[in-house]
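**Q** Have a look; sequence and predicted model below, questions after that.
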Amino acid sequence: DAKTTQPNSMESNEEEPVHLPCNHSTISGTDYIHWYRQLPSQGPEYVIHGLTSNVNNRMASLAIAEDRKSSTLILHRATLRDAAVYYCILREDNFNKFYFGSGTKLNVKP
Amino acid sequence: GAGVSQTPSNKVTEKGKYVELRCDPISGHTALYWYRQSLGQGPEFLIYFQGTGAADDSGLPNDRFFAVRPEGSVSTLKIQRTERGDSAVYLCASNPGQGNTGELFFGEGSRLTVL
């Protein structure tokens, strides 16, 4: 199973953009890249996903490298409510398994 | 409610006891997942159901752990002869099933403490 590598923690200032990196050098051609986040004392929640092209939604943007060996989750304006652990996950095309790593703990300073 | 519901939210038990954790998925979701999360770690995959059958139980740590979903809706995770190392938050997630975006909807988890 392809694995992901993320920094343990990152810090951002409120209302500034945040770029959360993820390396997945062993990704296969049919693996989707998913991002989830987990706020304290809650279950993870879906943020965004993509396959090859960059993706935007109301929560964030996902930038995928051309070789697909890395991706970046972009929060355009961080708020205090964005402080959470962010997980980058590879989902096999048959989507029956989602493997979570340790994630990146994002701290947002006011 | 419209989301994934897990009960109990907290369970404290003694070593050696039997425990059941329940998950009510979103209505109509055919796929159901159980994860276990220890403090400071990401969720660890345990088992995945598609309908009533366990499509993948490769994450169950040993034969003390068992899960069922007899009618393809509610699922119960069963832990026999609990050990202190079983203490964790047990998360349940559901998904509409084949042919969708693959988004998982998680419950808030059941925190199990084994004394």
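**A** Nice, I can see it.
**Q** so which residue of chain A comes closest to chain B?
**A** Closest to chain B within chain A is A:Gly43: 3.1 Å, counting by C-beta to the nearest C-beta. C-beta here means a position set from N, CA and C on the backbone, and glycine is covered the same way.
**Q** That residue and B:Tyr33: what is the separation?
**A** Using C-beta to C-beta, to the nearest Å, one gets 11 Å for the distance from A:Gly43 to B:Tyr33.
**Q** Likewise for A:Thr79?
**A** The value you get for A:Thr79 to B:Tyr33, if C-beta to C-beta is used, is 29 Å.
**Q** Comparing the two, which residue is more hemmed in?
**A** The neighbour count for A:Thr79 versus B:Tyr33, taken as other C-beta atoms under 10 Å in any protein chain shown, is higher for B:Tyr33 (27 against 12).
**Q** What number of residues are in the vicinity of A:Asn57?
**A** Neighbours around A:Asn57, by other C-beta under 10 Å: 11.
**Q** In this structure it contacts A:Ile48, no?
**A** Yes. With contact defined as C-beta atoms under 8 Å, A:Asn57 reaches A:Ile48; the gap is 5.5 Å.
**Q** how far away is whatever residue of chain B ends up closest to chain A from A:Ala65?
**A** Chain A sits closest to B:Phe106 of chain B, with a gap of 3.1 Å, by C-beta to the nearest C-beta. Distance of B:Phe106 to A:Ala65, given as C-beta to C-beta: 28 Å.
**Q** neighbour count winner among these two?
**A** B:Phe106 (22 against 13).
**Q** Quick one: residues contacting that one.
**A** Shown here is B:Phe106, whose contacts under the criterion C-beta atoms under 8 Å, 6 or more residues apart in numbering or on different chains are A:43-45, B:4, B:91-93.
**Q** Where do the strands of chain B begin and end?
**A** Using DSSP state E, the strands of chain B run over residues B:5-7, B:10-13, B:19-24, B:31-37, B:44-50, B:53-56, B:65-68, B:75-79, B:88-95, B:105-106, B:110-114.
**Q** Compare those and say which comes out lowest on pLDDT.
**A** Lowest mean pLDDT within the strands of chain B: strand B:53-56, at a mean of 89.
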